[in-house]
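Asker: quick one: sequence plus predicted model below, questions after.
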Amino acid sequence: MPLIPIDSATDPRLADYVGLRESSLRKLLETEQGLFIAEGEKVIRRALAAGYRPRSFLVAQRWRAQLADVFGPDDQVYLVTEELAERVSGFHVHRGALASLHRELRHTMDDLLGARRLVVCEDIVDHTNVGAILRNAAGLGWDGVLLSPRAADPLYRRAIKVSMGAVFSLPWARVPDWATAVPTLRQAGFTTAALALTKDAVPLADFAQRTPGKLAVLLGTEGAGLSDRWIEQADLAVRIPMTAGIDSLNVAAASAIACYALAGASPVG
């Protein structure tokens, strides 16, 4: 497998890696071109192990040896300086390697309706939070994550990085219709629990003592929380009790607490 030295930031072969910090540009480019970017040796290895096909690799000289075993005989491996990688991508590539891979949507909502435990994200647009939620769900034994149509892209570079590659191993899918997502889950046998600060919300510890066999926990936006519609459609609301005048946690932190408390609860009903 020959390495391909590149010394110009305007070389068209590096087009997949341009402006990685510009989320609006990347959203358009990656969707249109059917690609996503993995950053760092560990994440790249996990993407390849999960079966995602590489388009190319961009590697700094000092990282070529660590990744030599993952390069196939027909792979396009671009060897650049760290300074050039930064000029192309728009940030310092701390881990010395990037990979462009073919984007695949591997699951649908229907695929996940046979699961026992699901996290459902409504309009969570921060890629860091989406990545953290996926990592929490995977690490705490949940079966998958569903995302509303407006939620952030789990295959965006930042989400992948924060998830530590959990986006490659944990099944996730978009709900096709925001308005009917919660009723669809209920019809599939899930108890839908909205994590929300409503007056009738049940304390998490109490709910954990009697959770049903199939459970979907609904998480809302970083600021406003869940929409009134999803709260009204849910079977019940659940809250994490707070003190010191703090009313709520960051949604990623809340997801970790909820997933831990509810993952191993004894089912009833």
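Answerer: Great, that's in hand.

Asker: could you measure from the closest residue to Leu48 other than its chain neighbours over to Ala97?
Answerer: For Leu48, ignoring the flanking residues on the chain, the nearest one in space by Cβ to Cβ, 6 or more residues apart in numbering is Val70 at 5.7 Å. No exception for glycine: its C-beta is placed from N, CA and C like everyone else's. From Val70 across to Ala97, the span is 10 Å (Cβ to Cβ, to the nearest Å).

Asker: immediately after the helix or strand of the chain with the lowest mean pLDDT, which helix or strand?
Answerer: The helix or strand of the chain with the poorest confidence is helix 23-33; it has a mean of 80 (mean pLDDT, DSSP states H and E). Toward the C-terminus, helix 23-33 is succeeded by strand 35-39 as the next helix or strand (DSSP states H and E).

Asker: would you tell me what the next helix or strand after that following strand is?
Answerer: Next along the chain after strand 35-39, taking DSSP H and E as the criterion, comes helix 41-49.

Asker: who does the helix or strand following that next one pair up with?
Answerer: Per DSSP H and E, helix 41-49 leads on to strand 54-60 as the next helix or strand towards the C-terminus. Strand pairing for strand 54-60, using DSSP bridges, gives strand 77-80 (parallel), strand 97-102 (antiparallel).

Asker: in the next helix or strand after strand 54-60, what counts as buried?
Answerer: Sequence order places helix 64-67 as the next helix or strand after strand 54-60, per DSSP H and E. Going by neighbour count (16 or more other Cβ atoms under 10 Å), the buried part of helix 64-67 is Arg64, Leu67.

Asker: and for stretch 84-103?
Answerer: So, applying 16+ other Cβ under 10 Å, buried residues of stretch 84-103: 84-85, 88-89, 93, 95-101, 103.

Asker: span of it from start to end?
Answerer: Stretch 84-103 has an end-to-end distance of 25 Å (Cα to Cα, to the nearest Å).
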